[in-house]
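Participant: here is the input, now give the coordinates:
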Amino acid sequence: MSVSSLERIAVEPKTAATSCVIWLHGLGDSGEGFAPIVPALNLPSNHSIRFIFPHAPEQAVTINQGYVMRSWYDIKSMDLHQRADMTGVLESEVKVKALIQEQIDSGISASNIVLAGFSQGGVLSLFTALRYPEKLAGILALSCYLPTADTLPDNCHQANKQTSILQHHGEQDGVVPFAAGKIAHQLLVDNGYNSSWQSYMMEHNVLPEQITDISTWLQARLIS
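Facilitator: Here you go, the predicted structure:
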């Protein structure tokens, strides 16, 4: 698969797209898992936001007994410091950057692109955005952590130092520990990033209340 050929679901606005949200799914899911969130966001009917929900490649996942599923990278352990296979993270980063470039090539500036993701997809969105060399409109990191555990990724770029980062996490999350999300948030804040944190009384999922909050945040970033 070439870096620019990730299969995806695209949800187009009624008018010509002037901005874009690239939304990455979690382990074992697909772009279809989050595509239904678009109408649930209750955006203005005349919005011009294109939503792209790419499908991760299929690969064996160590913690799931080597079962082949859609995954942005292999997960080798539940321990935060050993959890993410960085080779896989870097390979998927290239693919996500290619998706961003496709949108730029279509006429949408990087500053009108939000990179979003849930769980493993949130890990990749956060990692990619922190290292991306052009300013993005926003970074949405749901129920996730930093793949580099309690340190920032190498080669973080100044371009997104002040970009709005919204981090959400469930207080009862049994898949990605609440503490792992808080570690990432505190690390970002301590290093001067513009990160906001919101927790919800939920497990490893998304709530209607949360979708409303995401919609408000997205509209402030992408709808003038």
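
Participant: got any ranges where this structure has weak pLDDT?
Facilitator: 1-4, 224 (pLDDT under 70).

Participant: find the nearest non-adjacent residue to residue 63, please.
Facilitator: Nearest non-adjacent residue to residue 63, counting by CB to CB, 6 or more residues apart in numbering: residue 75, 4.8 Å away. Bear in mind the C-beta positions are built from the backbone N, C-alpha and C, glycine included.

Participant: ok, now which ones touch the residue nearest to residue 41 when sequence neighbours are not counted?
Facilitator: Leaving aside its sequence neighbours, residue 41 sits nearest to residue 215 (CB to CB, 6+ apart; 4.2 Å). Neighbour list for residue 215: 41-43 [criterion: CB atoms under 8 Å, 6 or more residues apart in numbering].

Participant: list phi and psi for residue 222.
Facilitator: Main-chain torsions, residue 222, degrees, to the nearest 10: phi -120, psi -10.

Participant: measure the nearest residue to it once chain neighbours are set aside to residue 97 for me?
Facilitator: Of all residues not flanking residue 222 in the chain, residue 19 sits nearest, at 4.3 Å (CB to CB, 6+ apart). Applying CB to CB, to the nearest Å, the value for residue 19 to residue 97 is 18 Å.

Participant: give me the element the residue most central in space within the chain is part of.
Facilitator: The centroid of the chain falls nearest to residue 117 when counting by CA atoms, centre = their mean (2.4 Å). Using DSSP states H and E, residue 117 sits in strand 113-118.

Participant: pull up the pairing partners for that strand, direction included.
Facilitator: Applying DSSP bridges to the sheet, strand 113-118 is found paired with strand 19-24 (parallel), strand 138-142 (parallel).

Participant: hey, C-alpha coordinates of the shortest one in PDB?
Facilitator: As requested, C-alpha coordinates have been extracted for strand 138-142 and formatted as PDB (Å, rounded to 0.1, in the frame of the first residue of the first chain):
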ATOM      1  CA  GLY A 138      -6.700  21.700  16.200                       C
ATOM      2  CA  ILE A 139      -5.800  18.400  17.700                       C
ATOM      3  CA  LEU A 140      -8.500  16.100  19.300                       C
ATOM      4  CA  ALA A 141      -7.100  13.300  21.400                       C
ATOM      5  CA  LEU A 142      -9.800  11.000  22.900                       C
END
